[in-house]
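**Student:** here is a sequence with its predicted model. Questions after.
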Amino acid sequence: MSRKGVKALVDSLTRSDKHFNKSEVECLVKLFDTLVARASSDYAGTGFDRTMFRDTLHSAFGMTDDVVLDRVFSIFDRDNDGSITVVEWVEGLGVLLRGTLEEKMKQEMFQMLKNSLLIQPADEEPDEGVKDLVEIALKKMDHDHDGKLSFTDFEKTVRDENLLLEAFGPCLPDIKSSISFEQKIFGETPK
């Protein structure tokens, strides 16, 4: 990408992403370009695949759980094309590192529950166990008793008990790893 193209991209990302300032976005774009240059996948040049993403999160944050890494990859890869673009990278890291509680809660309940199921009986339809878990969660979390789990219901439940964000497996790096990553990339202590 030309210098002009990079500048336009950085300007656009700085306007659209409220988590990072311009110099931080520039650092993240440079890191992305470095990672893509190392990638030897079909996506090299446009982004990086699940393997490169896993390697990056492992080295940056010490994340090793395959289920968690797949979950985080799915959150970053918003267009579900199997590749993380520079925009998905910067916006995903924005939420991962500096997102508000609301942003971190905005994950599909069904998908989180589905990913948390480790073993399903062979004679049971795969999504049957998920439906059972959703029903249990709904009963516990449906504060307005309307038979639906709204984001407001979920938010109230998580605000009352923050550990519920990790109930189906942690998908956020620990604070020490996050600070270390930011110091390494941005050269300063995060705000």
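**Tutor:** Perfect, I can see it now. Numbering: from 1, shown residues only.

**Student:** what does the helix of greatest length in the chain rub up against?
**Tutor:** With secondary structure taken from DSSP state H, the chain has its longest helix at helix 22-38. By C-beta atoms under 8 Å, 6 or more residues apart in numbering, the residues outside helix 22-38 that reach it are 1, 6, 9-11, 13-14, 17, 20, 43-48, 52, 56, 86, 89-90, 93, 185-186. For the C-beta atoms, the positions are set from N, CA and C on the backbone; glycine is no exception.

**Student:** relative to helix 22-38, how tilted is the strand or helix carrying Ile179?
**Tutor:** Using DSSP states H and E, Ile179 falls within helix 175-186. Per axes from the mean of the first three to the mean of the last three C-alpha atoms, to 10 degrees, the angle that helix 175-186 makes with helix 22-38 is 90 degrees.

**Student:** helices or strands up against helix 175-186?
**Tutor:** Under the contact criterion of 3 or more C-beta pairs under 8 Å, 6 or more residues apart in numbering; DSSP states H and E, helix 175-186 touches helix 22-38, helix 50-61, helix 86-98.

**Student:** can you redo those helices as a markdown table with mean neighbour count and distance to Asp153?
**Tutor:** Conversion of the helices and strands packed on helix 175-186 to a markdown table gives the following (neighbours: other C-beta atoms under 10 Å; distance: least, C-beta to C-beta, whole Å):
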| stretch | mean neighbour count | distance to Asp153 |
| --- | --- | --- |
| helix 22-38 | 17 | 34 |
| helix 50-61 | 17 | 30 |
| helix 86-98 | 21 | 21 |
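
**Student:** before I go, just wanted to say thanks for your time.
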